[in-house]
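A.B. asks: Requesting a structural model of the entry that follows:
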Amino acid sequence: MIKSLKEILSPNMIRNIYFTKFQSLQQVGTLFWGELGGELNMRILRIQKRAIRSMVGASSRTSCRQLELNILNLPLLYILEMTCFVRKYCQSLELNSSVRNYNT
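C.D. replies: Prediction:
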């Protein structure tokens, strides 16, 4: 989708499409998937990199870190979502000290 629309739309519009179609699914998914690790996590990260490279027309060998699009990769997005979740629901979370009677 991004490759075909890249010829028609401005880079700003392509970036908005990325956020609405791709990153929104990642954000919702991280709360359900958690930190999966393994092959599934790597596949999602590869798809994300491919989408980012196609946004700017970079080759498949180009590092996404050099592109400076200010887009969070999957591990950083996971950290952000978990931090927001804990901050939002911190009152309803129990501390380990209230569950356990011994020091670890």
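
A.B. asks: Give me the buried stretch members for whichever strand or helix holds Asn12, please.
C.D. replies: If you go by DSSP states H and E, Asn12 is part of helix 11-18. Residues of helix 11-18 classed as buried by neighbour count (16 or more other C-beta atoms under 10 Å): Ile14, Arg15, Ile17, Tyr18. Heads up, the C-betas are built off the backbone N, CA and C, glycines and all.

A.B. asks: gap between the residue nearest to the second one when sequence neighbours are not counted and Leu93?
C.D. replies: Spelled out, that is Arg15. Distance criterion C-beta to C-beta, 6 or more residues apart in numbering; nearest residue to Arg15, sequence neighbours excluded, is Met55 at 6.7 Å. According to C-beta to C-beta, to the nearest Å, Met55 stands 37 Å off from Leu93.

A.B. asks: burial of the closest residue to Gln48 other than its chain neighbours, as a residue count?
C.D. replies: In space, and not counting its chain neighbours, Gln48 is closest to Leu74: 6.0 Å by C-beta to C-beta, 6+ apart. The number of residues packed near Leu74 is 22, by other C-beta atoms under 10 Å.
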